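Colleague: Would you be able to build a 3D model of this:
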Amino acid sequence: MKVAMAKGLQKMGKKATINATDDGSLHPHREPLDDRDPVYDSEEDGQYYLVATKSAMDLQEFKERLRPIFDELFVAEDLDESVQRITELACPEYNFEVVKRAVSFSLDKGQKQQNLVSTLLSRLHPEYLSSDAAMKGFERLLELTDELELDVPNARSLLAAALARAVQDEVVPVAFLSDPSMMQICSVVLAEANRLVYGNRLTDFKASLKPIFQEFFVSADYEEVARRIQELDCPEYSYEVVKRAISFSLDKRERERELVSKLINFLYPTTLASKAVCKGFERLFELADELALDVPNAKALVATFLARAVVDEVIPPSFLMNGYTMGLGGDVIAEAKSMLNREHASARLDRIWGPGDGRPVKELKVAVDQLLQEYLLAGDYEEASRCVRELSAPFFHHEIVKRAVVTALDKDEAGRERIASLLLHLHKNDIVSTRQFEQGFGRLYGLVSDLVLDVPDTPRILATFAKRAVADGVLPPDFRVPIGTN
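Modeller: The predicted structure follows:
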């Protein structure tokens, strides 16, 4: 049992119980001496009696209780639940096992599960998982590399990626990668981790992001952006997603800025950890003066993005109070705070980028229904196309497809033909993308059981629309009508 005097404690007539932490330090818990106690000794007054406390469970039990937590994380992807359950184990002296077992359990899983583990470690650090505990966990993994490779042949490269991500997330200090004692254990993994951290991956990653955002500003396809970023497999540089998405939107319209705000919210927390979002804004603070050369109001726009991210609960409010951040952000932080302190700040910031994409979904649905009814009466393709463009909501075009077909269900053949012709016109003129048509028809098939209550012939009509769309090139040739709708 480890018993020691705590440094820097003043003699105040108290005794202290020492609780061991995961980084090996001893923190005193003081209890006052009672001079009315029959065994009270005045000579003891002013001294500390330091007694080590035991953990709530032993190491083996701690290991066993970790497994179901990680199993559930890989299925449910609920990081908040995993953080809570690990914290509730209350055994900080064993926290290195969290790193060791989480990483090792993820090695034979997919990229998504491995990213989840990295994000989990980032979420636990530093409040529950100290850097010392993280380093100890990775040290144990390095010692087990040969054993891990028996089950996962590429374990070394996967371990290097996990270690590099931990360094990028500041969970593990960068000095760990050059520690001589670690190099003796497994130099191959450390060399690969060093290459990932300091190699050309960042330059390539930045270059790959530009076309992704250019296409996103046209398609507004959040899922496609997430998929392509995950395929780049550079989670250690995910802060660049925030930095570059915002910087690319600064000279665009409010529509593109709203898309970026929603994209950041969509990517959090699976693709973007809160730390990555914060780090992305820190990079923007550093570039604020440079950005203002091309976009004079750049600082005000970055402040708006920051305030919106706080309202969306992607960034904690404490980020705005951090001394380092305040020194770096200056006027940008002050402006964001001002926005958040205004009356009805949340509601205002939800629509800070104006109408169009920023308007409530309910309003967009009403606008779509109105333009469809006007089109059916007048048959004016150009007017209908203008109305669709003015919505400035390409992410919502699948709803136009869905509502157009639903509107046609109770119409005669002429009315259905008119709707089919409108859909073709919108596609031919590059107003509604094939992706949005696929999503719209997919949602229609999901509503068949409800639609048949009003229009029993819905399956046949829907199948006719789908076949027509494929023939017109609106839907891809490999689109398949679900069984039972013919």
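
Colleague: Now do the same for the helix ranked longest in the chain: mean pLDDT, whole number.
Modeller: Counting by DSSP state H, the longest helix found in the chain is helix 274-294. Here helix 274-294 scores 91 as its mean pLDDT.

Colleague: buried sites along whichever helix or strand comes after it?
Modeller: Using DSSP states H and E, the helix or strand that follows helix 274-294 in sequence is helix 298-311. Buried residues in helix 298-311, counting neighbours by 16 or more other C-beta atoms under 10 Å, are found at 298-299, 301-311. Backbone N, C-alpha and C define where each C-beta goes, glycine included.

Colleague: Next one: A471, what pLDDT does it get?
Modeller: 92.

Colleague: which residues does it contact?
Modeller: With contact set as C-beta atoms under 8 Å, 6 or more residues apart in numbering, A471 has no partners.

Colleague: Would you check how far apart it and V432 are?
Modeller: Distance of A471 to V432, computed by C-beta to C-beta, to the nearest Å: 17 Å.

Colleague: before we move on, the earlier item: tell me the helices and strands packed up against the longest helix of the chain.
Modeller: When contacts are defined as 3 or more C-beta pairs under 8 Å, 6 or more residues apart in numbering; DSSP states H and E, helix 274-294 packs onto helix 239-249, helix 298-311, helix 323-329, helix 331-340.

Colleague: will you turn the ones you listed into JSON lines that also has mean pLDDT?
Modeller: Formatted as JSON lines, the helices and strands packed on helix 274-294 follow (pLDDT from 0 to 100):
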{"stretch": "helix 239-249", "mean pLDDT": "96"}
{"stretch": "helix 298-311", "mean pLDDT": "94"}
{"stretch": "helix 323-329", "mean pLDDT": "86"}
{"stretch": "helix 331-340", "mean pLDDT": "93"}
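
Colleague: quick one, which of those is nearest to L447?
Modeller: helix 298-311 (32.1 Å; C-beta to C-beta).

Colleague: So which residues make contact with the closest one?
Modeller: Counting by C-beta under 8 Å, 6+ apart, 246, 250, 257, 260-261, 264-265, 277, 281, 284-285, 288, 291-292, 295, 315-317, 319-320, 329, 331-333, 335-336, 339-340, 345-346, 349-350, 352-353 sit against helix 298-311.

Colleague: buried subset of those?
Modeller: Using 16+ other C-beta under 10 Å as the threshold, 246, 250, 257, 260-261, 264-265, 277, 281, 284-285, 288, 291-292, 295, 315, 319-320, 329, 332-333, 335-336, 339-340, 345, 349, 352-353 are the buried ones among those.

Colleague: N95 and M57, how far apart?
Modeller: Counting by C-beta to C-beta, the gap from N95 to M57 is 13 Å.

Colleague: hang on, I meant I461
Modeller: 62 Å.

Colleague: How about V314?
Modeller: 35 Å.

Colleague: Sort out which residues of stretch 208-217 are buried, please.
Modeller: Of the residues in stretch 208-217, those buried (16+ other C-beta under 10 Å) are L209, I212, F213, F216, F217.

Colleague: From V295, how far off is the nearest residue to M326 once chain neighbours are set aside?
Modeller: Nearest residue to M326 in three dimensions, chain neighbours excluded: I333, at 5.4 Å (C-beta to C-beta, 6 or more residues apart in numbering). If you measure I333 against V295 using C-beta to C-beta, the figure is 19 Å.

Colleague: And C91, by the same measure?
Modeller: Applying C-beta to C-beta to C91 and V295 gives a distance of 51 Å.

Colleague: Same check on L301?
Modeller: L301 is 7 Å from V295, by C-beta to C-beta.

Colleague: Identify the contacts common to the two.
Modeller: In contact with both L301 and V295: L250, using C-beta under 8 Å, 6+ apart.

Colleague: More neighbours: I461 and M57, which one.
Modeller: I461 (18 against 15; other C-beta atoms under 10 Å).

Colleague: Next, give phi and psi for that one.
Modeller: Per-residue torsions, I461: phi -60, psi -40 (degrees, to the nearest 10).
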